[in-house]
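Visitor: 3D model of this:
(3 chains)
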Amino acid sequence: MLAFILRRLAQALFVIAAMLVIVFFGVNVVGDPIYMLISPEMDQQQIAETARALGLDRPIWEQFLVFLKNAAQGDLGRSFVHGESAIKLILHRMPATLELAFVALVLAIVIGLPLGLYAGLKPESRLSRFIMAVSILGFSLPTFWVGLMLILTFAVGLGWLPATGRGPTVSILGLETSLLSLKGWQHVALPALNLALLKISLVIRLARAGAREAALMDYVKFARAKGLSQSRIIGVHILKNIMIPIVTVLGLEFGSLVAFSVVTETIFAWPGMGRLLLEAITRLDRPVIVAYVMVVVVLFVTINLLVDLVYSALDPRVRLTEATS
Amino acid sequence: MSEATLPAAAPPVEAKEETPFRRFVRSFIEDRLALFGLALFILIVLLAVAAPLIAPQNPYDLASVDVMDSRQPPGAASGEGFTMWLGSDGVGRDLLSGILYGLRISLMVGAFSGILAATIGSAVGLIAAYVGGRTENAIMRLVDLQLSLPSVLVALILVAGLGKGVDKIIIALVMVQWAYYARTVRGSALVERRKEYVEAAQSLGLSHARTVFRHILPNCLAPVIVIVTVQTAHAISLEATLSFLGVGLPQTEPSLGVLIANGFQYMLSGSYWISVFPGFALLMTIVSINLVGDRLRDVLNPRLEK
Amino acid sequence: MAPVLEVSGLKTHFFTRAGTVKSVDGVSFHVERGEVLGLVGESGSGKSVTGFSVMGLIDPPGRIVEGSIKLNGKELVGLDEEGFREVRGREVAMIFQDPMMTLNPVLRVDTQMIEAVTAHDKVSHKAARERSRDALAKVGIPSPEERLNAYPHQFSGGMRQRVAIAIALLHRPPLIICDEPTTALDVTIQSQILAEMQGLCADTGTALVWITHDLGVVAGLADRIAVMYAGRIVETGAVDPVLDTPLHPYTSGLLGSLPAEGEPGAPLRQIRGSTPSLARLPQGCAFAARCDYVQADCLALAPDVTPFPGARGVRCHHPLNLAGVAA
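Guide: Okay, here's the model as predicted:
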């Protein structure tokens, strides 16, 4: 088990290192940010001075070495626009994004799992067909368009929920959260639903496929032959089997939730790091872009690692093979 | 399709010979929803192609646009006299015309990036499968790395580096999509490579190129066709998303995403149509392609057939 | 005493898009207390569907359309899901063919046994666990206490089948339906399990319906035999008379195709053709197309059951070995 964790850790570090290189050169080779940062009145000398102050006059590989040296100390550069540490900016906005992604993930399971189970266990029923049609639509709809429709329906049309912003936050154990007040929930409801939509469809599909497969398995028939109740068979025998792929996929999808929150946060004016990234992209604020990507990559890698561990905890067969190998 | 696949697949019961293509068409049209999707898609393409002929107004022609017409609700009459069935946008352009022209751009971006990505990705996948060894390893590592990241994120980072413009968006979309093709084609090619007819072709002394293009490639086509549909829909959606976020196409190339973004600011004040109608056009396009793609996947993948 | 199981006129049909598949089409048989009935037939003959019908485990598109299944005098046909649930495991248990598939791979053995106990008896978790442990010990699983904590994949195929048998025996049901429980096992394990089942059932007075395609297994195990073909029982009677002097050409053909029956070196005989599609059965005898003794009336009219002395019966217009039976 320990060897397994160590091997996965090494892989994770390799991915982070590779991304560090790719992202730095990818973002820094194209386009010249200096022209975004200077006012039209500046003369050549002033421009050169600004460039020197930001380290932009040095050769790219030198910039990279400096970047690496600083990165090792947890410093990914200063925002050209805000003048603050890029990583600090990102981390400051991260709790809001994680909160949104987390609520979306919970929504995806709470809504998707029962619907998918139903569709899988009663594949011929009308409701099941309807559920599947909606889930196909859920895959087709662009996230931003659904966001607009949610605002139009629930905020503009019905006036039930606020369209933008985050509710008041409180700090618990150092974590800023808006989920402790009704107002906070009202604010998070629409963006979280928007962000969850794709994942709801995904969970429905996974749960349906899993339930359909499991329902045909001998162990379900055997469980029925033992005289178990329907609820125990579905709730324990089938659910435990389909939870393995669902937990795995959803864990991996948490990263994609964070990435997609760029879109959702922009539409709902949610003050997370996704919006920060978008601002950084439009202003070519490279350190912030690089910092964002690195934070997300580290997040991804950590999640992948955790999912692997949870997976082996859930599936006894994996645990054994990994332990003996 | 190579002749090698025919004998095994041909149903022995039917007395009349049926070509694979006919069988494909027959099973495709069995699904009414897919047929509807195909019809809708063809209609959308025709509308986009014929936009200059049928649109009431040329939204690029500033002379024909009157600011007095701005934010008119659906059905209002324009200054020029024609009815603006879908209303007008913030600067007075007829929305129906804007959507028809916008479809052109969205479809063009989707199609170009789809074809380019399919070509490049398939080539890379084939090379990986055929060359093997370190080359294959390196390519597949890169593919895995990219596919493990969400496409939105990859696209955002790419446009951050590349900047705005049709050509740059297409490049970004190709770079987002190529990996799907590479992985799939490599997978199918590896399977095909091990089959006897490839060994037979090689033992006959056929050149590598001939083996790859005449024997392996045709047998990888089915999955590629499926991915082309799905990925093109995805590319159109992604372009719209990027444009909506303001990092995709510029205002001078008003795709559906740009139109929707332009309407967003008026939405909260009640001028819903400026965003909603281009959104519906986008939706119809994506859904129609996906309906076709879903059916293609069922038809072309015999393993999934019930 | 009344028989444990009495099935009469059972018809279980599957309503598929391709047509109605008459998997079981008018099957009648009974099982006495403590008796072992061998239900023999090729795959697709309807023997497993018969077993599942008794368990109430026929799922759509399948349905019992006609007939009666009486378990200890109680009618099962028409019971609702809860009614069947109360019967399953307590009054009739079932053991499946493939032990690798019957235990849930992600649940520990104790979970799967304890839930089987508490499904019918409201006992404490501890009591249920003790009963499970004793049941494992009874079927010959070493160090049962530790094995309770194991997952199914940590058992061999034979051991898993023992666990399944232990689960079936938990409530000491008067009847267990065994659906080819030894087919998937190695030959040595097969005979061990057979012997064990025989012993356990003799101890507890449990009756068995042993579903198999293997006449060899039946010969050593069953008291009586019922041969199924295309959804019907074509021949029934005590084991030895049926195997010694088969009346139905199909039974005779099955016996002839056993390797042990032929002379060493002689080519094995086989029944020509294959089982007919159950969705499109012929008008006459279902076996006519494959029968070596077919005559004109076989093609026109499906035969009824003809009774013979010694509680035997055969569904054939022209039974074989009549001299042997008369004598």
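Visitor: Would you mind listing what in chain C touches chain A?
Guide: C:52, C:55, C:57, C:60, C:81, C:85-90, C:93-94, C:96-98, C:101-108, C:111-112, C:115-116, C:119-120, C:151, C:153-154, C:164, C:167 (CB under 8 Å from any CB of the partner chain). No exception for glycine: its C-beta is placed from N, CA and C like everyone else's.
Visitor: Any quick PyMOL command for the buried ones out of the residues you listed?
Guide: A single PyMOL command is used to select the members of those judged buried by 16 or more other CB atoms under 10 Å in any protein chain shown:
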select buried, chain C and resi 52+55+57+85+87+88+89+90+93+94+96+97+98+101+102+103+104+105+106+107+108+111+112+115+116+119+120+151+164+167
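Visitor: Which residue, other than its chain neighbours, is closest to the residue in the stretch 101-250 of chain A positioned nearest to chain C?
Guide: For the stretch 101-250 of chain A and chain C, the shortest gap (CB to the nearest CB) falls at residue A:227, measuring 3.3 Å. In space, and not counting its chain neighbours, residue A:227 is closest to residue C:89: 3.3 Å by CB to CB, 6 or more residues apart in numbering or on different chains.
Visitor: where do the helices sit along the stretch 201-306 of chain B?
Guide: B:208-210, B:217-245, B:256-267, B:273-300 (DSSP state H, counting those that start in this stretch).
Visitor: What are the neighbouring residues in contact with residue 132?
Guide: Reading this off chain A. The contact partners of residue A:132, taken as CB atoms under 8 Å, 6 or more residues apart in numbering or on different chains, are A:119, A:204, A:208.
Visitor: Same list, the residues you listed, but only the ones touching chain B.
Guide: Applying CB under 8 Å from any CB to these, none is adjacent to chain B.
Visitor: now that we have these, which one has the most neighbours?
Guide: residue A:204 (28 neighbours; other CB atoms under 10 Å in any protein chain shown).
Visitor: and the host helix or strand of that residue, what does it pack onto?
Guide: Assigned by DSSP states H and E, residue A:204 belongs to helix A:182-215. Other elements packing on helix A:182-215 under the criterion 3 or more CB pairs under 8 Å, 6 or more residues apart in numbering or on different chains; DSSP states H and E are helix A:86-121, helix A:126-140, helix A:143-150, helix A:239-268.
Visitor: Surely the residue nearest to residue A:227 is in contact with residue C:170?
Guide: Yes. Look at residue C:89 against residue C:170 with CB atoms under 8 Å: they come within range, at 7.4 Å.
Visitor: what's near enough to touch residue A:156?
Guide: Residue A:156 neighbours (CB under 8 Å, 6+ apart): A:163, B:267-268, B:270, B:272.
Visitor: Look through chain C and tell me its longest helix.
Guide: helix C:187-204 (DSSP state H).
Visitor: Run the chain-centre distance for the helix or strand following it.
Guide: Heading C-terminal from helix C:187-204, the first helix or strand you meet, by DSSP H and E, is strand C:207-212. Computed by CA atoms, centre = their mean, to the nearest Å, the chain-centroid distance of strand C:207-212 equals 4 Å.
Visitor: Can you list the helices and strands that strand C:207-212 packs against?
Guide: Using 3+ CB pairs under 8 Å, 6+ apart, strand C:207-212 is in contact with strand C:19-31, strand C:36-40, helix C:47-55, strand C:175-179, helix C:187-204, helix C:215-221.
Visitor: Give me the contacts around it.
Guide: Applying CB under 8 Å, 6+ apart, the contact partners of strand C:207-212 are C:4-5, C:31-40, C:47-48, C:50-51, C:54, C:174-180, C:183, C:197, C:201, C:217-218, C:221-222.
Visitor: Only whichever of the residues you listed are buried, select them in ChimeraX.
Guide: Remark: buried members of the contacts of strand C:207-212, expressed as a ChimeraX selection using 16+ other CB under 10 Å:
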select /C:4,5,31,32,34,35,36,37,38,39,40,47,48,50,51,54,174,175,176,177,178,179,180,197,201,217,218,221,222
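Visitor: near chain C, which residues of chain A show up?
Guide: Residues of chain A lying near chain C (CB under 8 Å from any CB): A:124, A:217-219, A:221-230, A:232, A:236-237, A:240-241, A:244, A:314-317, A:320.
Visitor: one more time with 6 Å
Guide: A:218-219, A:221-222, A:224-228, A:237, A:240-241, A:316-317 (CB under 6 Å from any CB of the partner chain).
Visitor: just the buried members of the residues you listed?
Guide: Burial by neighbour count, 16+ other CB under 10 Å: within the residues of chain A next to chain C this picks out A:218-219, A:221-222, A:224-228, A:237, A:240-241, A:316.
Visitor: picking that back up, redo the helices and strands packed on helix A:182-215 as CSV? Include mean pLDDT.
Guide: Shown next, in CSV, are the helices and strands packed on helix A:182-215 (pLDDT from 0 to 100):
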stretch, mean pLDDT
helix A:86-121, 89
helix A:126-140, 84
helix A:143-150, 87
helix A:239-268, 84
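Visitor: residues of the longest helix of chain C that come out buried?
Guide: C:189-190, C:192-194, C:196-197, C:200-201.
Visitor: likewise stretch B:194-210?
Guide: B:197-198, B:201.
Visitor: Let me know the closest of those to residue C:244.
Guide: Lowest distance from residue C:244 to the buried residues of stretch B:194-210 (CB to CB) belongs to residue B:197, with 55.1 Å.
Visitor: From residue B:24, how far out is the closest one?
Guide: 21 Å (CB to CB, to the nearest Å).
Visitor: how many neighbours does residue C:232 have?
Guide: As a burial measure, residue C:232 scores 24 neighbours (other CB under 10 Å).
Visitor: ugh, wrong one, I meant residue A:249
Guide: Residue A:249: 15 neighbours (other CB under 10 Å).
Visitor: Same check on residue C:240?
Guide: Using other CB under 10 Å, residue C:240 is surrounded by 12 other residues.
Visitor: likewise the one 3 residues further on?
Guide: For residue C:243, the tally of surrounding residues (other CB under 10 Å) stands at 21.
Visitor: Identify the residue spatially nearest to it, adjacent ones excluded.
Guide: Once flanking residues are discounted, residue C:243 sits nearest to residue C:219: 5.9 Å by CB to CB, 6+ apart.
Visitor: okay, the angle between the longest helix seen in chain B and helix B:217-245?
Guide: Longest helix in chain B by number of residues (criterion: DSSP H): helix B:95-131. Angle of helix B:95-131 versus helix B:217-245, following axes from the mean of the first three to the mean of the last three CA atoms, to 10 degrees, is 140 degrees.
Visitor: how about helix B:95-131: buried residues?
Guide: B:95-114, B:116-118, B:120-130.
Visitor: And the contacts of the following helix or strand past that helix?
Guide: For helix B:95-131, the following helix or strand on the C-terminal side (DSSP H and E) is helix B:133-147. Outside helix B:133-147, the residues within contact range by CB atoms under 6 Å, 6 or more residues apart in numbering or on different chains are B:128, B:179, B:182-183.
Visitor: what's near enough to touch the residue nearest to residue B:287 when sequence neighbours are not counted?
Guide: Excluding its sequence neighbours, the residue lying closest to residue B:287 (CB to CB, 6+ apart) is residue A:140, at 4.8 Å. For residue A:140, the contact set (CB under 6 Å, 6+ apart) comprises B:286-287, B:290.
Visitor: In the chain, where is pLDDT below threshold?
Guide: Because you didn't say which chain, this covers chain A. A:1, A:27-42, A:54, A:173-174, A:315-325 (pLDDT under 70).
Visitor: should've been chain C
Guide: For chain C (pLDDT under 70), the answer is C:1, C:260-268, C:323-327.
Visitor: let's see 80
Guide: Applying pLDDT under 80 to chain C flags residues C:1, C:18, C:183-185, C:257-282, C:310, C:321-327.
Visitor: all helices of it, in order?
Guide: Using DSSP H, helices in chain C cover C:47-55, C:81-87, C:99-102, C:109-118, C:125-138, C:144-147, C:157-169, C:187-204, C:215-221, C:239-244, C:249-256, C:296-300, C:322-326.
Visitor: So residue B:259 is in contact with residue B:103, correct?
Guide: No. Residue B:259 is beyond contact range of residue B:103, at 10.0 Å (criterion: CB atoms under 6 Å).
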